[in-house]
Structures are given as C-alpha cells and as structure tokens.
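Colleague: Below are the sequence and a predicted model for it; my questions follow.
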Amino acid sequence: MSLLPFDRFRRLCGRGAIKVSFAVGFALQASGIAMAGTSLDPQIAAARVETVVEGLEHPWAMAFLPEDEGILITERPGRLRVWRDGRLHPPVSGLPEVYAGGQGGLLDVALSPDFHKNRQVFLAYAEQGNGGAAGTAVGVGVLSADFKALENFRVIFRQEPKLSSGQHFGCRLTFDEDGHLFIALGENNQRPTAQDLDKLQGKLVRLNPDGSVPKDNPFVNQPGVRPEIWSYGHRNPQGAAINPWTGKLWVHEHGPRGGDEINIPEAGKNYGWPLATYGRNYSGFAIPEAQGESAAGTEQPHYVWLKSPAISGMAFYNHDRFPAWRNNVFVGALKDRQLIRLELAGDDIVREERLLGDLGERIRDVRAGPDGYLYALTDSSKGSLLRVSPSP
Ligand SMILES: [Ca+2]
C-alpha cells in the first residue's frame, strides 16, 4: 500500500471532528501471575487517543482503501460502512444475509492484494444453515466506483458442517505475500472438532482467492481430510496478520478461562486444542479432553496468557512515523479492555505493555494506518474508531 502524505490523510479524516484525549493502561493485572513459557508481566503505559468516528454498532473489522479513499468498517449486525471525506456513509448495498446471533454476524473485511485493479472486497461472516445451526462463510464482491455497493457478491468458502449455535466463528482473513487467502476459523464451541480433519471447525484454512485449493496445501489428496486445511487444533482465532519482517503468518486465539495464545502456524501442524491448553473451563474445572499444557504431537504456543485478556485483532507496526513502536505487534483485548503492545526481538516477544485501559472499552480490532498511526475499533452498541499514537 502506498504511503499517504500526512496532511492529505488529516484532511480525509476530517480534522475538526476529532476529539483528542490521553489514556493510560490499567494496573489491575500487572503482576502476581505465574506466566508460562515466554509470557511476561505486562507494564502499563500511556498513549494519545483521538476519536475519529463515533456511532458504529459493534464494529468488528476495518480495511484501509488505497490512495486516501477511506476506510471500510464492518458492523457485526451485518452492515459494511465506508468512512471517507470525513464522514460515515450509509451502509454499502449488496451484502449477504448474515446470522447475527451470539458472537455471529458480519466479521472480518479484507481487500484483494490486487484491489487497485479488481476492487474486490472479501468478507467473513456467520451464515445460518438449513438445520438452524450456523457456520463461518467467506465471500467476495466488487466495490462499485461510487463506494455505495458491493456487486456480484459470491461465496467462495463455507465452514462445513455447520455446528454453531452462536459461538466461536473466528474469524480473520489475511493474504500472504504469494496471494493465498488464509481464513482463521473457530471450532463453533464444539471442542473435539478442532482435531477432526474431515471438518472445518478449529482450522486455519489456505485458499486461492477464487476459493480453489492450492495444490501445495499440506493435506491435498489425503483421503478423509479436508484439503483446505493449513493447520488445526485451534479454538477461536480472532487475530491474524503477516509479519512484514519474515513474511510468516501470525494467528492468535481465545483460550477458555486462561490460555489465550499466539501461534505462528506451519503447514500441517497441530496447535493442540483441546488436547493441550493452558486454560480451564469457565466453571474452573479442567477441559475434559485436555492432557495438560502439552500433548504429544502438538505444538506449544509461541506466546500464552495464563489469564485471558480475550484477544481480538492484530497489527504489526512497520512505519517510520513512531520509531518507538517499530518492530512491535499490537493486539486488542475485549475482556481486559486494553490495547496490548508487544515488543519483538526477531520473533521473540520481549516486553508486554498495556495501553488505553482507562477508556474502559473492549478493543475488537487494531490496524496500522497508511499514515503511520494505529487505529482501533471499540466493540459496543455505540462503538468508535480511535486513532492511537505514543504519548508525546
Ligand atoms: Ca494451542
């Protein structure tokens, strides 16, 4: 994506409407937790916050249009909004019907890597099946020249079978540098299915942008195994992004009570759920299928939180605007109502910091903007798009 001149982007943002404030992290959970593996005690820090857009209903995801054309924002009840020329426009037409129950609805949005040529917009959403249960689906449409419609929308992927009564749809969409589409799928709150290779629950899936299966996927031509699968044993991933310094995909997922984790999923590998987990059931009892924090044949998480922040959204920061944030990755927290900043040394996470805690907002998505600011969506019936920068 081309970099926007700052002043031009400020004009796009509608400078007059922006409210500026400062927000610090919350010190509630900074210490006293025995962290496993590479986990760290988080530190609290301040950040500068500007409210860019208000009045969004449970915004879930955003995508920056190239060339100062604005930002696409999904609202979970089923609307795609365009924020451009300093204002929020009416919902885009041409969207599919979504299952807007429980955690379901319109979820992630991603632009085609060739958007400048094809104007393709990919959407992930919960879809109801004939039997009443719901599953995650992904489709693509063409954004009209006037930004008002998504034309010729067609579904390219459906989670099969459909097993959700409203929980654990995932879902994040990410293109890698070769143009493959990764879809991070929840296990529909049906734990054992994350290990069933004939099902698409609890899987990371890798597709060509037209929905066909790449010939070099790890399980192609294996009887009884879905060829879309890249990796398995995932619980409910809601963050995925390509590490710009390695080209590798990072995915994070919700644990149950405890055990939120980041993974760097490799082809064909098993990331453990529900056989291995650092979490417990919400009741406090052990997960019935769990053998412990590890299990033979499964991968350990790259990073794990023993106390779940309930993580959603992920953004690597690779911009010159704020050198203090370079080589960082940011993660939103729903339950902890914070923005998590993780400092990297190579792939290793060496420091964790919590921002925005005193806003008291559930952070659903975080992305790095083309202007070098960080953008975050707050998940509520009156959600906002925030612009975040380091404290001066
Ligand atoms: Ca795991």
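Modeller: Happy to help now that I have it.
Colleague: what about the strands in the stretch 51-200 of the chain?
Modeller: Along the stretch 51-200 of the chain, counting by DSSP state E, counting those that start in this stretch, strands occupy 59-64, 71-75, 79-84, 87-88, 106-111, 120-128, 134-143, 150-158, 172-175, 181-184.
Colleague: what's the fourth one packed up against?
Modeller: Pointing back at strand 87-88 there. Applying 3 or more CB pairs under 8 Å, 6 or more residues apart in numbering; DSSP states H and E, we find strand 87-88 packed against strand 46-56. For glycine as for every other residue, the C-beta is placed from the backbone atoms N, C-alpha and C.
Colleague: Direction included, what does the strand it packs on pair up with?
Modeller: Paired neighbours of strand 46-56 in the sheet (DSSP bridges): strand 19-24 (antiparallel), strand 383-390 (antiparallel).
Colleague: Assign a three-state SS to the residue in the stretch 251-392 of the chain that the ion sits nearest to, would you?
Modeller: Nearest residue of the stretch 251-392 of the chain to the ion, counting by CB to the ion: G272, 3.5 Å away. The three-state assignment at G272 reads coil, by DSSP: H, G, I helix; E, B strand; the rest coil.
Colleague: how many other residues sit next to it?
Modeller: 28 (other CB atoms under 10 Å).
Colleague: Repeat that for H180.
Modeller: Burial of H180 is recorded as 18 neighbouring residues (other CB under 10 Å).
Colleague: residues in contact with it?
Modeller: R206, L207, N208, P209, P214 (CB atoms under 8 Å, 6 or more residues apart in numbering).
Colleague: Compare those and tell me which has the most neighbours.
Modeller: R206 (23 neighbours).
Colleague: isn't that one right next to W230, touching?
Modeller: Yes - here R206 reaches W230: they are 4.1 Å apart, a contact under CB atoms under 8 Å.
Colleague: Quickly list what's touching both of those two.
Modeller: By CB under 8 Å, 6+ apart, the residues touching both R206 and W230 are F182, N217.
Colleague: hmm, back to that, name the nearest residue to the residue of the stretch 251-392 of the chain closest to the ion, ignoring sequence neighbours.
Modeller: Nearest residue to G272, sequence neighbours excluded (CB to CB, 6 or more residues apart in numbering): T298, at 3.9 Å.
Colleague: Next, give phi and psi for the one you found.
Modeller: Dihedral pair for T298: phi -120, psi 160, per degrees, to the nearest 10.
Colleague: ok so, going back, can you tell which of the strands of the stretch 51-200 of the chain is closest to R387?
Modeller: strand 71-75 (10.8 Å; CB to CB).
Colleague: hmm, back to that, can you tell me which of the strands of the stretch 51-200 of the chain is packed in deepest?
Modeller: Of the strands of the stretch 51-200 of the chain, the one with the most neighbours on average (mean count of other CB atoms under 10 Å) is strand 181-184, at a mean of 26.
Colleague: Can I get it in PDB, CA atoms only?
Modeller: The C-alpha trace of strand 181-184 is given here as PDB (Å, rounded to 0.1, in the frame of the first residue of the first chain):
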ATOM      1  CA  LEU A 181      -6.000 -16.300   1.400                       C
ATOM      2  CA  PHE A 182      -5.800 -17.600   5.000                       C
ATOM      3  CA  ILE A 183      -9.100 -18.000   6.900                       C
ATOM      4  CA  ALA A 184      -8.800 -18.500  10.700                       C
END
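Colleague: Show me where this structure has its helices.
Modeller: With helices called from DSSP state H, the chain shows them at 6-13, 115-118.
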